[in-house]
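Asks: Please find the sequence and the predicted model below.
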Amino acid sequence: MGIGIDIVEVQRIEQLAEKHESFLARVYTEAEISYCSKKKNRHQHFAARFAAKESVLKALGVGWARDVKWTDIEVVNDALGKPRINAYGEVRRLMEEKNIREILVSLSHTAHYAVASAELVKG
Amino acid sequence: MDENTIFEKVKASVVDALGVDEEEVKPNSALFDDLGAESLDLLDIVFRLEKEFGIKIPRGGIQASALSAEGENLKDEDLVVDGVLTPLGIKKLKESMPEVDPARITDGFRADDIPTLFTVQTFVSIVKKLLEEKGKA
């Protein structure tokens, strides 16, 4: 079992995206960028996804010890709009090691803050 | 590039990213506790340093060598169990972050808390290491 939660200021994400050209490509997958870019409040969606990635890392409990890439954790939305986590690379490997079948995630955001929580589901 | 030049550039990035006074930024200043950084600030500093020095700092590689079991015939559980560093993990973290007061890395230290150890010198060391590797390539 493992849970994780994270909160992010939307404005900070907006500043990072504006200041650093490489920020979006480094942190988000192409699908995430494409999804958020279509939204009216794109930075809220980017912020919620950032919080989701952090909450997954907290739930996994490996934080900064392993060479995880932000893009190893991808938030996708199913047909009903429910967010789901796709894991790649080091995160995929960690899930296999820890016998985690699925990572559940929940997102919420306002104009100022985005939060996410993640829960590991054992196989 | 000598270490002092690297320090001055790292200092400038930290000052810009955190909005702190230059005088506050010493090699042993802890980013979180002394300079008031939060996790997104680390990312801001990382991107500034990447641009300034033309390097790429991997997420898990800010400490001079990531706490990795790879290539040492170790399993990850040998280093981190349920998010907590094992005695071997603590030993290796102390080795990989010689700039940090070892007394700060105590029993039960969590892998998630590694960023709280980062000092200005941590960034100087990783930049120096990456510049050296770039020079060899």
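Replies: Sure, I can see it. Numbering: from 1, shown residues only, chains lettered A, B, ... in the order given.
Asks: from here on, contacts and neighbour counts on C-alpha atoms
Replies: OK.
Asks: now the lowest-mean-pLDDT helix or strand in chain B, how far from the chain's geometric center?
Replies: Lowest by mean pLDDT, DSSP states H and E among the helices and strands of chain B is strand B:80-81, with a mean of 82. Distance of strand B:80-81 from its chain centroid, counting by CA atoms, centre = their mean, to the nearest Å, is 20 Å.
Asks: ok, residue B:15 - contacts?
Replies: B:21-22, B:25 (CA atoms under 8 Å, 6 or more residues apart in numbering or on different chains).
Asks: okay, now residue 40: neighbour count?
Replies: Defaulting to chain A. Residues near residue A:40, counting by other CA atoms under 10 Å in any protein chain shown, number 9.
Asks: meant chain B, my bad for not saying
Replies: Neighbour number of residue B:40 under other CA under 10 Å is 15.
Asks: which one is it nearest to, not counting chain neighbours?
Replies: residue A:12 (7.5 Å; CA to CA, 6 or more residues apart in numbering or on different chains).
Asks: Which of the helices or strands spans that neighbour?
Replies: helix A:10-19 (DSSP states H and E).
Asks: ok, and what's touching the helix or strand following that helix?
Replies: Sequence-wise, the next helix or strand downstream of helix A:10-19 (DSSP H and E) is helix A:23-27. Residues from elsewhere that reach helix A:23-27, judged by CA under 8 Å, 6+ apart: A:16-17, A:33, A:50, A:69-71, B:47.
Asks: Can you name the two of those residues that sit furthest apart?
Replies: Of all pairs drawn from the contacts of helix A:23-27, the greatest distance, 18.6 Å, lies between A:33 and B:47 (CA to CA).
Asks: higher neighbour count, these two?
Replies: Taking neighbours as other CA under 10 Å, residue A:33 and residue B:47 compare with residue B:47 leading, 23 against 16.
Asks: Now that one. Nearest residue, chain neighbours left out?
Replies: residue A:20 (6.6 Å).
Asks: The one you found: neighbour count?
Replies: 13.
Asks: per-residue pLDDT, it?
Replies: We have a pLDDT of 92 for residue A:20.
Asks: Is residue A:20 in contact with residue B:49, as I believe?
Replies: No - with contact defined as CA atoms under 8 Å, residue A:20 does not reach residue B:49; the gap is 11.0 Å.
Asks: in the lowest-mean-pLDDT helix or strand in chain A, what's buried?
Replies: When the helices and strands of chain A are scored by mean pLDDT, DSSP H and E, helix A:89-97 comes last with a mean of 90. Applying a neighbour-count criterion of 16 or more other CA atoms under 10 Å in any protein chain shown, one finds A:91, A:94-95 buried in helix A:89-97.
Asks: now swap in stretch B:20-39 and tell me
Replies: Buried residues in stretch B:20-39 (16+ other CA under 10 Å): B:25-27, B:29-32, B:35, B:37.
Asks: Dump those into CSV; add pLDDT and distance to chain A as well.
Replies: Shown next, in CSV, are the buried residues of stretch B:20-39 (pLDDT from 0 to 100; distance: CA to the nearest CA, whole Å):
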residue, pLDDT, distance to chain A
B:25, 97, 22
B:26, 96, 24
B:27, 95, 21
B:29, 95, 20
B:30, 94, 17
B:31, 95, 15
B:32, 94, 15
B:35, 97, 18
B:37, 94, 13
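Asks: Would you point out which residue is most central in chain A?
Replies: The centroid of chain A falls nearest to residue A:53 when counting by CA atoms, centre = their mean (2.7 Å).
Asks: now that one, nearest residue through space, not along the chain?
Replies: residue A:73 (6.0 Å).
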